[in-house]
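# What shape does this take:
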Amino acid sequence: MIVEEIMKTRIITLTQDQPILEATKLMLQHKVRHLPIVTDDQYLIGLVSDRDIRDATPSILTDPEEQKDVLQKPIKTIMKTNLITGHPLDFVEEIGAIFYEHHISCLPIVKDKKLVGIITETDLLHTLIELTGANQPASQIEIKAPNRAGVLNEITAVFRELKVNILSVLIYQDKKDEGYKIIVIRAQTINPISLIEHIKKAGYQVLWPNLPGIVR
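Next up is the predicted model:
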């Protein structure tokens, strides 16, 4: 999946000379936490977050006139300009790695330096849920398998034999044993007992579910 499939394209933006007060109003009105700052030609030049505004806004103990002066300052006085951006054709998995590595919660998407979209950590979470099939009725089966070529094909052959549809597959390294990996399969069945029995007969260890009466 690529970024342009999940990015928001209806974006609330500001120009750098608009006041901080305007940014506050827009965030409250549209219930957003980030506002890209653009030129009249939609070139991305900055980003302001609700945290930037909180840090810039005086406390309630500050003189009212001073508060008014601060909120009328242009947004360029607090916006971030050293930005990390993505491209519409980037893979969503790569974007997720960027969020993780840089501890960010929003990523502007640009093409030819112009703002064309935006992705938030919420967008990524929703996409992860869809990709894993966690939003659909299913049974999750975790299998410990040798880390060798052809294993996944052997395991999915069991599902094919029993005519059980696979919604998603995740694979990660077994942290306790480098020679093995954990294969997590979400299957379109409410009763996985027969599947588990056949997977075991194929020589694989089922870690989950650990059903009563079925020897692991």
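# alpha carbons only for contacts and neighbour counts from here, please
OK.
# For residue 79, which residues are in contact?
37, 46-48, 52 (C-alpha atoms under 8 Å, 6 or more residues apart in numbering).
# redo that, cut-off 6 Å
Counting by C-alpha atoms under 6 Å, 6 or more residues apart in numbering, residue 79 touches 46-48.
# do the same with residue 16
Counted by C-alpha under 6 Å, 6+ apart, residue 16 has contacts 75-76.
# What are the phi and psi values at it?
Reported as degrees, to the nearest 10, the phi and psi values for residue 16 are phi -70, psi -20.
# and it, how far is that from residue 26?
For residue 16, the distance to residue 26 (C-alpha to C-alpha, to the nearest Å) stands at 14 Å.
# just residue 169 next, same as before
Distance, residue 169 to residue 26, using C-alpha to C-alpha: 41 Å.
# now swap in residue 93 and tell me
30 Å.
# who has more neighbours, those two?
Comparing residue 93 with residue 26 by other C-alpha atoms under 10 Å, the one with more neighbours is residue 26, at 17 against 13.
# Over to the more buried one: give its phi and psi.
When read as degrees, to the nearest 10, the backbone of residue 26 gives phi -70, psi -40.
# Check the one 5 residues further on too.
With angles defined as degrees, to the nearest 10, residue 31 sits at phi 60, psi 50.
# what's the neighbour count on it?
Residue 31 has 9 nearby residues by other C-alpha under 10 Å.
# Compute the distance between it and residue 110, please.
From residue 31 to residue 110 the distance is 22 Å (C-alpha to C-alpha).
# Skipping its backbone neighbours, what lies nearest the residue sitting nearest the centre point of the chain in space?
Taking C-alpha atoms, centre = their mean, the centroid of the chain lies closest to residue 124, which sits 2.0 Å from it. In space, and not counting its chain neighbours, residue 124 is closest to residue 96: 7.0 Å by C-alpha to C-alpha, 6 or more residues apart in numbering.
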